[in-house]
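Peer 1: Please work out how this folds:
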Amino acid sequence: MAVPKVTSILLVILTTLTLLNFLLKYYTYFVLIVASSKSPTTVSTEPAPEQTTIPHPHELFVPLLTFIPSKSTVLAYPWVILTCSFVEETFIGLFVSIIGFFYLGKYLENAWSSPLEFLKFVMFNIIVTNVSLYLYYTVKSWLVTSEDVPVVLSSMGIIMGFIVAIKQRIPNHFFILFKGNLRIKVKYLPFIIIVLSLVLTMLNSEYYITYLMSSYGFIVSWFYLRFIKTSLNEGQSYLIPFTSAVPPEKQKEDYDESKPETQFALHTFFPYPLSSIVQLVSSIVYSLAVKYHIISHHPISSNLGEEQFNSKLFTVSSLKGVKDVGILNISKVFQWFNSGDNNRGINNSMDKRRKLALKEIDH
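Peer 2: Alright, predicted model coming up:
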């Protein structure tokens, strides 16, 4: 399957900006080396000034591509809010990002069937995540002035958003990595990434920005998919029914794990017993937000599309088999079943086909 347009553009931007950042860093590094190697020709009796050490290229940053929160003039270069998410510091990070963009981005863009919606999701995730990081460090600088602020650059926020979006579509599946040698539940993958980045932060403080970007990317992408994305322009599998023909009184249970609202709830990303705490807090916050009309109740679209996602590197596999997936508003689904118009239409169509078949047999 060919790589979709938006995913291809993202891959080109990621590779180009990362290589450009690498070249500019090492160009600056060599310029500093040449400048420091030029010793003064005149002899002076005054003591020589203390020579400053030349920073390693890894310690340099390109202000036209990345920014340092609370220190860089972002208003002078507003595009860095976008470009910093397409810059990787190491070739390992670039390789992981390319793999993530290629497989996850290709799957989502094909599944949503709308490049514009996919691009809006990526742009919203990048802008809100990076602006939140900038505000976080700005406020923190007012309280703590001696802390070194890291450079904001990584595509971890985008990749985390892709994983959250995939969890929305196939929550009861496994990521099968390396031909079945490693199996990870899709719904726990964001939590695992955040925990791993936190562990790396404890070992090396340079990974703190990765931890923040993965955490912010998780929250921002979940909020967008849960409360902002309203269009149902996704490629649906017509072999899978929209919802099960269950009476309304059976559907109106307090808690039903088969409902998309429940499968994409915030607490489902966390293992027990942490999920119970998150569920308690998030339920209270959600109820208050709906009560005071801060947000509106918005059912979630979710369906299965794993056939587009399989590859030699990794694939997905259902935990509970193919099951009914609800993608419509529950109240509208009740009205749809109560009316019975669609069922009558299907029965009439089948009757016509039977009559035509009988006529052909008689002739």
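
Peer 1: Could you list the buried residues of stretch 87-99?
Peer 2: When burial is assessed from 16 or more other CB atoms under 10 Å, stretch 87-99 yields the following buried residues: 87-89, 93-94, 97-98. Backbone N, C-alpha and C define where each C-beta goes, glycine included.

Peer 1: same check, this time on stretch 177-194
Peer 2: Buried-residue list, stretch 177-194, by 16+ other CB under 10 Å: 185-191, 193-194.

Peer 1: From the buried residues of stretch 87-99, which land in strands?
Peer 2: Cross-referencing these against strands under DSSP state E gives no overlap.

Peer 1: Narrow those to those in helices?
Peer 2: The members of these that map onto helices under DSSP state H are 93-94, 97-98.

Peer 1: nearest to His293, of these?
Peer 2: The shortest gap between His293 and any of those belongs to Ser97, at 39.4 Å (CB to CB).

Peer 1: what's the closest non-adjacent residue to the closest one?
Peer 2: The spatially closest residue to Ser97, leaving aside those adjacent along the chain, is Ser155, at 4.4 Å (CB to CB, 6 or more residues apart in numbering).

Peer 1: ok now do that neighbour, which residues does it touch?
Peer 2: Listed by CB atoms under 8 Å, 6 or more residues apart in numbering, the contact set of Ser155 reads 14, 85-88, 93, 97, 100-101.

Peer 1: Reformat those as CSV; add distance to Val199 and pLDDT.
Peer 2: As requested, the contacts of Ser155 are arranged in CSV below (distance: CB to CB, whole Å; pLDDT from 0 to 100):
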residue, distance to Val199, pLDDT
Leu14, 25, 96
Ser85, 23, 94
Phe86, 26, 95
Val87, 24, 94
Glu88, 20, 92
Gly93, 17, 90
Ser97, 20, 94
Gly100, 20, 92
Phe101, 24, 94
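
Peer 1: Need the max-distance pair from these.
Peer 2: Val87 and Gly100 (14.8 Å).

Peer 1: and the buried residues of stretch 177-194, which of them are in helices?
Peer 2: Taking DSSP H as the definition of helices, the buried residues of stretch 177-194 contribute 189-191, 193-194.

Peer 1: Would you tell me which one of the residues you listed comes nearest to Leu212?
Peer 2: Among these, and counting by CB to CB, the member closest to Leu212 is Ile194, at 10.1 Å.

Peer 1: where do the strands sit along the stretch 151-300 of the chain?
Peer 2: 173-177, 182-185 (DSSP state E, counting those that start in this stretch).

Peer 1: Would you agree Ser276 is in contact with His267?
Peer 2: Yes: between Ser276 and His267 there is a contact under CB atoms under 8 Å: 7.4 Å.

Peer 1: the more surrounded of these two?
Peer 2: Taking other CB atoms under 10 Å, Ser276 and His267 do not tie; His267 has more neighbours (17 against 11).

Peer 1: count of residues packed around the closest residue to that one other than its chain neighbours?
Peer 2: Once flanking residues are discounted, His267 sits nearest to Gln279: 3.6 Å by CB to CB, 6+ apart. Close neighbours of Gln279, defined as other CB under 10 Å, add up to 16.

Peer 1: Gln279 against Phe269, yeah?
Peer 2: No: with contact defined as CB under 8 Å, Gln279 does not count as touching Phe269 (10.7 Å).

Peer 1: Identify the farthest-apart pair in the buried residues of stretch 87-99.
Peer 2: That would be Glu89 and Ile98, which, of the buried residues of stretch 87-99, are the farthest apart (CB to CB) at 14.4 Å.

Peer 1: any chance of the ones in helices among the buried residues of stretch 177-194 in a markdown table, plus pLDDT and distance to Phe124?
Peer 2: Shown next, in a markdown table, are those (pLDDT from 0 to 100; distance: CB to CB, whole Å):
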| residue | pLDDT | distance to Phe124 |
| --- | --- | --- |
| Leu189 | 89 | 21 |
| Pro190 | 90 | 17 |
| Phe191 | 91 | 22 |
| Ile193 | 92 | 20 |
| Ile194 | 93 | 20 |
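
Peer 1: from these, which is closest to Tyr29?
Peer 2: With CB to CB as the yardstick, the closest approach to Tyr29 among those comes from Ile193, at 31.8 Å.

Peer 1: show me what contacts the closest one?
Peer 2: 156, 160, 163, 214.

Peer 1: Now the second one: closest residue in space that isn't a chain neighbour?
Peer 2: The reference is to Met160. Gly217 (3.7 Å).

Peer 1: Please tell me how far that neighbour sits from Glu88.
Peer 2: Note on Gly217: its distance to Glu88, by CB to CB, to the nearest Å, is 15 Å.

Peer 1: No further queries at this time; thank you.
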